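K.L.:
okay, structure incoming, though there's no sequence with it:
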């Protein structure tokens with residue numbers, strides 16, 4: 001049945017795209033506009049190999065990129081008329097300020113760019129308004145992490161690349177391959193939406209239907225940059241964007257054929273390889289493309305038995321059918337495996353109530369425990385918790401595929417439209433081995449034999465979007481989305497009578513509109529957005545059928561979700577001061593597990609956990625800030641105050657008088673409150689040194705405590721400081737140091753003596769990483785780079801929610817660019 005639905009969806013999408021392409025093909029002989037120019041250094045010499053990226057202001061035509069030739073010249077042909085933003089960067093130079101220009105139909109224009117060796121980055125960002133904007137136009141709190149920054153820090157995964165972003169709290173519960181979570185401004189994991197090229201990426205089979213279960217699999221494969229929007233984004237990006245948005249932007253490609261081969265290895269049994277290629281084909285770069293594949297393999301991990309491996313493939317291709325029409329496609333796929341550990345647990349004599357200071361059982365005693373020594377015979381000393389113990393027969397395997405195809409056309413300078421189909425499939429499998437009699441390392445919740453739990457999810461999204469310009473100062477975007485989501489789970493028990501499965505689905509329709517206004521010579525920027533989404537639930541299917549919950553019940557459509565968003569920015573050009581404000585409400589639609597989740601036991605039968613009547617989570621948020629540029633782009637400072645109230649959330653609790661016979665389960669309840677401040681600064685004090693520093697203060701409280709007597713949000717330190725220092729010593733040597741430091745935080749740890757969670761206070765992180773590289777220029781277009789990295793240079797013995805993280809370790813590698 002599901003295969004038939006997917007086949008019908010594919011046929012419909014192909015028919016729609018074909019119908020959209022036919023009018024464009026009739027215009028295939030249009031000449032189009034041309035943009036050319038030269039990129040030079042401060043002395044006027046041409047800069048070969050500089051990257052030039054062209055953003056169409058209205059977004060419906062995809063971004064284009066090329067590189068300069070040996071004389072520093074570049075050229076774009078067959079362009080649609082309209083307003084564009086040009087961004088230029090080259091190795092060894094500060095990125096140029098973005099420049100805005102308008103191209104007339106079939107006209108030729110010239111734009112020369114002069115690069116400076118000193119200055120802070122001023123990238124074009126897309127995520128703030130879902131359209132390209134220069135840094136002076138952005139009216140929201142946005143941070144961009146570029147591919148060059150990721151390379152300089154030798155970050156392997158998306159989570160590592162985000163650790164220094166102000167307002168974000170990134171956790172990894174162990175070493176490479178272990179669970180990664182991202183919290184924005186003191187909110188929950190599920191309040192941060194993850195996008196790939198502006199399209200939602202999440203796991204519909206996860207309990208909260210967010211991306212957390214897959215974040216550890218997202219390597220830095222073919223990403224051009226990562227943009228982070230802090231603040232409500234639901235009006236533009238839909239569900240989960242309550243606290244913020246992380247958007248992974250695929251490398252554009254274009255220009256002559258080029259590539260990179262990369263390999264590194266070192267401590268923890270760590271090995272990683274990557275290959276990237278990009279280029280163009282046809283007259284006037286009619287086809288532009290980029291592709292990458294990466295593989296990460298960890299043979300030991302933190303405790304010597306935490307093997308993990310992951311393979312990623314990512315790519316993008318764009319065909320310019322005519323100067324005004326494009327057809328693009330992109331894919332992102334992953335296959336991974338990781339050995340998991342047990343959950344930490346409370347031990348020792350704990351206070352009867354209140355917060356417990358986290359003191360781990362010594363590593364030697366933990367080894368004895370894992371070797372079979374009973375907990376009662378360990379020398380606990382003053383320890384209060386047992387760190388996550390090794391479990392050799394507990395593992396996770398996962399796969400995902402995200403693919404999208406978009407047709408876009410701009411028939412006139414003032415009007416454009418696009419049609420996009422996005423398909424996402426996820427699969428996770430948890431494999432648990434049998435408990436060993438007498439082995440305390442197998443906790444008392446362990447099964448009596450091998451079990452397998454498979455989770456599968458699909459999301460099919462068909463969207464249409466249009467934009468039209470009402471004069472130079474008013475750009476309106478509007479669109480429609482249809483989304484079908486499915487979730488299925490199969491549990492294979494020790495006894496066949498305990499096997500069970502569930503299959504549920506949901507459909508939704510969404511309408512959205514955004515109006516962007518620019519006045520006073522573009523010094524004043526205004527935007528307003530609105531989104532409405534309706535939902536319709538399918539009939540759940542369970543096996544075994546006998547005693548299945550929700551049988552014979554008719555479900556009304558769940559409550560709709562309505563969100564609005566507004567922002568304002570004003571730039572004082574005389575002082576380079578920008579004031580900005582952003583207010584909006586957000587939502588998260590309940591997951592299919594929260595609506596229909598169940599537990600099956602061959603003896604007790606079904607236990608219902610979900611509630612099909614759940615209303616979407618709701619929030620309201622605002623932030624206000626100031627951005628200040630100093631000198632001749634030598635420094636940029638930013639300060640933001642934020643406030644977010646979770647008005648209604650989905651939580652797990654007691655459910656008296658429940659129509660589904662539940663004693664406990666998912667229900668709507670009050671949320672919480674988070675407020676604080678973000679301070680950050682980019683500095684270029686010398687031509688060879690770049691500095692970035694940030695400080696985040698968060699005061700986040702729950703309205704309803706998840707642990708008795710504790711209202712403070714978990715895993716959220718009140719204070720966090722980050723620092724990135726990048727030094728270029730001559731033309732060949734580069735040294736980078738990045739630091740993350742925070743105050744203590746609270747985390748829940750299970751107490752087996754009371755069968756409840758207790759709140760533990762853990763020491764904050766003090767993690768510094770040092771990276772150094774030396775580049776050998778082999779020719780004008782080829783270079784060999786040797787590099788090394790030392791992680792956790794201070795060798796802090798640090799625990800994330802009771803999971804031990806790696807101590808000091810290093811790795812080294814080489815990359816060949818051509």
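P.N.:
Good, I have the coordinates. A quick note: this is a predicted structure, and the numbers were derived from the prediction, not measured. Numbering: from 1, shown residues only.

K.L.:
for this structure, what helix or strand is lowest in average pLDDT?
P.N.:
Across the helices and strands of the chain, the lowest-confidence element by mean pLDDT, DSSP states H and E is helix 2-25, at a mean of 51.

K.L.:
check which element follows that one along the chain.
P.N.:
Using DSSP states H and E, the helix or strand that follows helix 2-25 in sequence is strand 33-40.

K.L.:
what angle sits between whichever helix or strand comes after that next one and strand 33-40?
P.N.:
Using DSSP H and E, the helix or strand that follows strand 33-40 in sequence is strand 51-56. Going by axes from the mean of the first three to the mean of the last three CA atoms, to 10 degrees, strand 51-56 is angled at 150 degrees with respect to strand 33-40.

K.L.:
neighbouring strands - and their directions - for strand 51-56?
P.N.:
In the sheet, strand 51-56 lines up against strand 64-67 (antiparallel), strand 82-89 (antiparallel) (DSSP bridges).

K.L.:
can you give me the mean pLDDT across the first one?
P.N.:
Averaging the model's pLDDT scores along strand 64-67 yields 90.

K.L.:
show me where the stretch 601-750 of the chain has helices.
P.N.:
In the stretch 601-750 of the chain, no helices are defined using DSSP state H, counting those that start in this stretch.

K.L.:
still on that earlier bit, I'd like to know which of the strands paired with strand 51-56 is closest to residue 431.
P.N.:
The closest of those to residue 431 is strand 64-67. By CB to CB, the value is 43.0 Å. Heads up, the C-betas are built off the backbone N, CA and C, glycines and all.

K.L.:
list the buried residues of the longest strand along the chain.
P.N.:
When the chain is parsed with DSSP state E, its longest strand is strand 390-412. Buried positions in strand 390-412, judged by neighbour count with 16 or more other CB atoms under 10 Å: 390-391, 394-396, 398-402, 404-410.

K.L.:
ok, residue 661 touching residue 609?
P.N.:
No. Assessed by CB atoms under 8 Å, residue 661 is found out of contact with residue 609, at 11.3 Å.

K.L.:
shaky segments in this protein?
P.N.:
Filtered on pLDDT under 70, the chain yields the residue ranges 1-30, 59-62, 118, 121-122, 435-448.

K.L.:
hmm, try it at 50
P.N.:
1-3, 5-6, 10, 25-26, 28, 437-441, 444-445 (pLDDT under 50).

K.L.:
what segments of it are helices?
P.N.:
Per DSSP state H, the chain carries helices over the ranges 2-25, 147-153, 158-161, 234-237, 363-370, 592-596.

K.L.:
now do the last one: distance to the chain's middle.
P.N.:
This means helix 592-596. Relative to the chain's own centre, helix 592-596 is displaced by 23 Å; criterion: CA atoms, centre = their mean, to the nearest Å.

K.L.:
show me what it packs onto, helices and strands only.
P.N.:
Judged by 3 or more CB pairs under 8 Å, 6 or more residues apart in numbering; DSSP states H and E, the packing partners of helix 592-596 are strand 474-492, strand 500-519.

K.L.:
give the partner strands of the longest one in its sheet and their orientations.
P.N.:
So the one you mean is strand 500-519. If you go by DSSP bridges, strand 500-519 pairs up with strand 474-492 (antiparallel), strand 524-537 (antiparallel), strand 541-543 (antiparallel).

K.L.:
distance from the chain centre to it, please.
P.N.:
Distance, stretch centre to chain centre, for strand 500-519: 18 Å (CA atoms, centre = their mean).

K.L.:
flag every buried residue along that strand.
P.N.:
Buried-residue list, strand 500-519, by 16+ other CB under 10 Å: 500, 502-506, 508, 510, 512, 514-518.

K.L.:
reformat the strands paired with strand 51-56 as a markdown table; add mean neighbour count and distance to residue 105.
P.N.:
A markdown table is the format used below for the strands paired with strand 51-56 (neighbours: other CB atoms under 10 Å; distance: least, CB to CB, whole Å):
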| stretch | mean neighbour count | distance to residue 105 |
| --- | --- | --- |
| strand 64-67 | 22 | 17 |
| strand 82-89 | 22 | 9 |
